[in-house]
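**Q** Predicted model follows, preceded by the sequence.
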Amino acid sequence: KNQVEQSPQSLIILEGKNCTLQCNYTVSPFSNLRWYKQDTGRGPVSLTIMTFSENTKSNGRYTATLDADTKQSSLHITASQLSDSASYICVVSGPSGGGADGLTFGKGTHLIIQP
Amino acid sequence: DGGITQSPKYLFRKEGQNVTLSCEQNLNHDAMYWYRQDPGQGLRLIYYSQIVNDFQKGDIAEGYSVSREKKESFPLTVTSAQKNPTAFYLCASSKTNTEAFFGQGTRLTVV
């Protein structure tokens, strides 16, 4: 069964600190992996999208890595800000992805940044 | 300003009532999707459409209906057959196999 597992489920860190969120997946074959940020009560916003051949991609203070061999991805947030408080969702795309749209969604990591 | 717009932001439904959620996009995307999000759960696909006048059931289509009469619009009707409709509903659009752009969501509550 295609799955996307994210860890930790929730995380609390102090403002200015760094953190890393994990995403493990079993979707195969694989097309791309996406990280989204979702503020409470809002729609998800894309942070990065990576294909099989890419192993790192940055978007400002967000850096995503991908190891297609071990089927693992991470999202590293540098110098966290209060506005980083949100849920971060990992989504894997593949021809046989979990949903009828070929996408398998993780349940997200809920990140809280404390002042 | 290009984007995808959902309305209303909040919606209340009485028992036995049908309600329709609006989703409009001006991104010229062919594909549009409806997802349901419940607390602590990943997004689940309700319906999707790859082209005008065609749509496909997702993983949890029972109790929902859609139409795709125009490329820009993909409304979702939550019917009385949906026994547990209280949730956060997200509409998205995309070009083929590229990142999806999401609307801001509609929170539906049964009263």
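**A** That came in fine, so what should we check first?

**Q** For chain B, give me the ranges with low pLDDT.
**A** For chain B, the stretches flagged by pLDDT under 70 are B:1-2, B:96-97.

**Q** Quickly list what the residue nearest the centre of it is bridged to.
**A** Nearest residue to the geometric centre of chain B (C-alpha atoms, centre = their mean): B:Trp34, 3.2 Å. Using DSSP bridges, the beta-bridge partners of B:Trp34 come out as B:Tyr47, B:Cys91.

**Q** Is it correct that it is in contact with B:Arg44?
**A** No: the pair B:Trp34 / B:Arg44 is not scored as a contact, 9.9 Å apart, by C-beta atoms under 8 Å. Every residue, glycine included, has its C-beta placed from N, CA and C.

**Q** what residues are shared contacts of those two?
**A** Listed as contacting both B:Trp34 and B:Arg44 by C-beta atoms under 8 Å, 6 or more residues apart in numbering or on different chains are B:Gly58.

**Q** rewinding a little: check contacts around the residue nearest to the centre of chain B.
**A** B:Trp34 touches B:21, B:23, B:45-48, B:58, B:64, B:66, B:74, B:76, B:89-91, counting by C-beta under 8 Å, 6+ apart.

**Q** quick one: is stretch A:80-95 near chain B?
**A** Yes: Stretch A:80-95 is in contact with chain B by C-beta under 8 Å from any C-beta of the partner chain, via A:89, A:93.

**Q** Counting neighbours, which bits of that stretch end up buried?
**A** For stretch A:80-95, a neighbour-count test (16 or more other C-beta atoms under 10 Å in any protein chain shown) marks A:80, A:84-94 as buried.

**Q** And the strands in the chain, which stretches?
**A** By default, I'm working from chain A. In chain A, the segments counted as strands under DSSP state E are A:4-7, A:10-14, A:19-25, A:32-38, A:45-51, A:56-59, A:62-67, A:72-77, A:86-93, A:103-105, A:109-114.

**Q** That was the other one, I meant chain B.
**A** Listed in chain order, the strands of chain B (DSSP E) span B:4-7, B:10-13, B:19-25, B:31-37, B:44-51, B:54-57, B:64-66, B:76-78, B:87-94, B:101-102, B:106-110.

**Q** and for the first one, what are the contacting residues?
**A** For strand B:4-7, the external contacting residues (C-beta under 8 Å, 6+ apart) are A:43, B:21-25, B:27, B:89-93, B:101-106.

**Q** Would you mark the buried spots in the worst-scoring helix or strand of chain A on mean pLDDT?
**A** Of all the helices and strands that make up chain A, the one with the lowest confidence by mean pLDDT, DSSP states H and E is strand A:103-105; it has a mean of 86. For strand A:103-105, the neighbour count (16+ other C-beta under 10 Å) marks A:103-105 as buried.

**Q** With distance to A:Ser31 as added columns, please give the residues you listed in TSV.
**A** As requested, the buried residues of strand A:103-105 are exported to TSV (distance: C-beta to C-beta, whole Å):
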residue	distance to A:Ser31
A:Leu103	10
A:Thr104	11
A:Phe105	15
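
**Q** Just give me the closest of these to chain B.
**A** Using C-beta to the nearest C-beta, A:Phe105 comes nearest to chain B of the buried residues of strand A:103-105, at 3.7 Å.

**Q** Quick one: residues in contact with stretch B:94-101.
**A** Outside stretch B:94-101, the residues that touch it by C-beta under 8 Å, 6+ apart are A:31-32, A:34, A:46, A:49, A:93, A:102-103, B:3-4, B:25, B:27, B:29-31, B:33, B:50, B:92-93.

**Q** This completes my enquiry, with thanks.
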